[in-house]
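>>> Structure for this input, please:
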Amino acid sequence: MTMLCAISGEAPTNPVASSKSGTVFEKRLIEAYIAEHGKDPITGEELSTADLIELKSSNIVRPRPPNLTSIPALLATFQNEWDAIALETHSLRSQLAHTRQELSTALYQHDAATRVIARLMKERDEARDALSKVTVGAGSAPAENGEEMDVDIQQVPTHVQEIVDATKAELSARRKKRSIPENWATAETMSSFETVLTSEPIHAGSKSISLDVSTDLALLGGSDGAASIYSISQQQVVTQLNAQDGAINDVAWVGKCPVTGSGNGVVRIWNEDGSDSNSITSHAGDILALAAHPSGSILASVGADKSWVLHDVSVGKAITQIYDQSKLVSAGFHPDGHLFAAGTTSEVKLYDVRSAALAANFGTTSGVISSLDFSENGFWLAFCAAGQSAVEIWDLRKQSMTKSLDIGSRVDHVQWDYTGQFLSTAGSSGISVQQYSKPTKSWSEPLKTAVPAIATAWGPKGCSLVTVNSDGVLTILGTVE
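Here you go, the predicted model:
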């Protein structure tokens with residue numbers, strides 16, 4: 001006897017019976033009915049799932065639909081299924097062939113691109129090697145514009161090596177006996193710094209500032225391609241340095257001569273009164289930084305062409321050009337003059353000036369080394385990365401980082417004072433001074449001000465800070481008498 005569900009009229013796969021009416025139901029159907037109505041669908045009595053009794057029965061095989069009960073109907077069904085399988089197989093084979101063709105094309109293009117890249121890298125390396133070996137002799141004809149083509153040599157001339165050796169011997173011996181000068185500014189003095197002078201905008205787009213030996217004349221330039229010498233005592237521009245060399249990216253004093261480095265790759269050395277100049281075009285791109293050698297007769301420049309150049313200021317010529325694998329964006333000489341540091345897009349490279357050989361690499365950062373400066377103590381190097389708030393201080397003796405100072409805001413420029421005690425930092429959010437106490441071997445921050453600046457320079461005896469911002473406004477921080 002076959003049991004049929006009282007709701008669907010079909011044989012249930014999971015039969016249950018009502019304990020109240022004894023009627024057989026499909027379990028899922030009666031549970032849904034009870035959940036909605038709460039009563040027996042046959043008698044109308046109250047009913048819950050607890051009143052259902054599961055029945056044991058053999059597995060029920062559902063009968064075939066009437067259209068599959070004859071041989072012709074079965075054959076037609078089998079034929080339709082075969083046709084569907086054949087069509088699907090054909091479609092899959094077509095997709096497979098198309099995918100194989102696309103893969104073959106992609107592999108061919110990848111192989112071709114790899115070959116092209118390898119060829120271009122080989123040509124680049126050959127060009128760099130050839131460029132590094134180009135030498136222009138002293139008897140070469142001058143260029144059509146009257147300016148001499150600059151020398152590109154990998155070796156430092158003997159007379160330059162002698163200057164470097166003599167300078168190192170003199171300055172290192174003097175440094176060992178040197179004490180802090182009398183009346184030098186203290187942390188208490190710097191903590192009382194405030195704005196004592198603010199000029200009108202001098203050159204928009206200023207990127208650097210440099211003070212001469214007297215600390216009275218400030219040299220700065222701008223994106224207009226001009227530079228000026230500003231007298232702090234007279235509070236006005238005393239000399240205009242006009243040239244058509246492109247935007248001024250850096251300035252420096254070499255002895256009493258102002259020097260500018262431009263975006264067109266021109267190093268221009270001016271005479272003392274700024275009435276005449278000598279231009280040197282060693283770089284095949286922007287000059288990004290200048291550095292004056294302690295001897296007062298040598299100047300270094302670094303540029304976007306991945307090279308650094310030593311210049312003889314007395315004759316206005318390039319004497320050595322060294323190429324690197326990275327773009328060089330900042331530069332500085334060791335206080336003794338025997339080491340030269342160049343900041344790249346990720347690290348600082350230290351060179352031996354006498355041999356122009358790479359001596360060491362310092363720090364791997366995630367940003368361009370925007371500024372670096374050697375401490376007058378002779379064994380510390382401070383630098384900062386563009387867009388970051390940390391200043392790293394490395395020990396040249398151990399070739400390791402001795403301190404990382406978090407200034408709390410973006411730092412674009414760092415500058416040690418003459419005593420090596422104080423380090424100034426400058427950025428768009430303000431200026432700070434960090435002090436190192438040798439007795440306690442600790443750091444403190446005697447000054448933090450919101451005056452924005454792109455670069456700073458220390459005034460006489462550390463009693464003032466001369467700053468310039470990107471608008472070309474010169475500001476002096478000091479104590480008000």
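>>> Isn't residue 349 up against residue 363?
No. Look at residue 349 against residue 363 with C-beta atoms under 8 Å: they stay out of range, at 10.3 Å. Any C-beta I mention is one placed from the backbone N, CA and C, and that applies to glycine too.
>>> The helix or strand harbouring residue 176: how far from the chain's middle?
According to DSSP states H and E, residue 176 maps onto helix 158-177. In terms of C-alpha atoms, centre = their mean, to the nearest Å, the centre of helix 158-177 is found 35 Å from the chain centre.
>>> Tell me the helix or strand right after it.
Moving toward the C-terminus from helix 158-177, the next element (DSSP H and E) is helix 187-191.
>>> quick one: that following helix to chain centroid distance?
Chain-centre distance of helix 187-191: 34 Å, with C-alpha atoms, centre = their mean.
>>> Equivalent analysis for stretch 353-364, please.
21 Å.
>>> And for stretch 428-447?
The answer for stretch 428-447 is 25 Å, by C-alpha atoms, centre = their mean.
>>> got a list of contacts for it?
187-188, 190-191, 193, 391, 403, 405, 407, 409-410, 412, 420-425, 448-454, 456, 465, 467, 470, 477 (C-beta atoms under 8 Å, 6 or more residues apart in numbering).
>>> Check stretch 174-181 too.
335, 336, 376, 378, 418, 419, 421, 461.
>>> Check whether residue 90 sits in a helix, strand or coil.
helix (DSSP: H, G, I helix; E, B strand; the rest coil).
>>> Show the pLDDT at it.
Residue 90 is assigned a pLDDT of 85 by the prediction.
>>> same thing with residue 83?
pLDDT, residue 83: 83.
>>> quick one: it from residue 89, how far?
11 Å (C-beta to C-beta, to the nearest Å).
>>> and what of residue 367?
For residue 367 relative to residue 89 (C-beta to C-beta), the value is 58 Å.
>>> More neighbours: the two, which one.
Between residue 367 and residue 89, residue 367 has the larger neighbour count (other C-beta atoms under 10 Å), namely 13 against 10.
>>> quick one: pLDDT of the closest residue to the more buried one other than its chain neighbours?
Of all residues not flanking residue 367 in the chain, residue 385 sits nearest, at 3.4 Å (C-beta to C-beta, 6 or more residues apart in numbering). Listed pLDDT for residue 385 reads 90.
>>> and what of the one 10 residues further on?
At residue 395, the predicted lDDT confidence score is 91.
>>> Dihedrals phi and psi, residue 100?
phi -60, psi -40 (degrees, to the nearest 10).
>>> dump the residue contacts of the residue minimising distance to the centre of the chain.
Closest residue to the average C-alpha location of the chain: residue 367 at 2.2 Å, with C-alpha atoms, centre = their mean. Under the criterion of C-beta under 8 Å, 6+ apart, the neighbours of residue 367 are 346, 385, 386, 387, 388.
>>> go with 10 Å
Applying C-beta atoms under 10 Å, 6 or more residues apart in numbering to residue 367 gives the contacts 345, 346, 384, 385, 386, 387, 388, 390.
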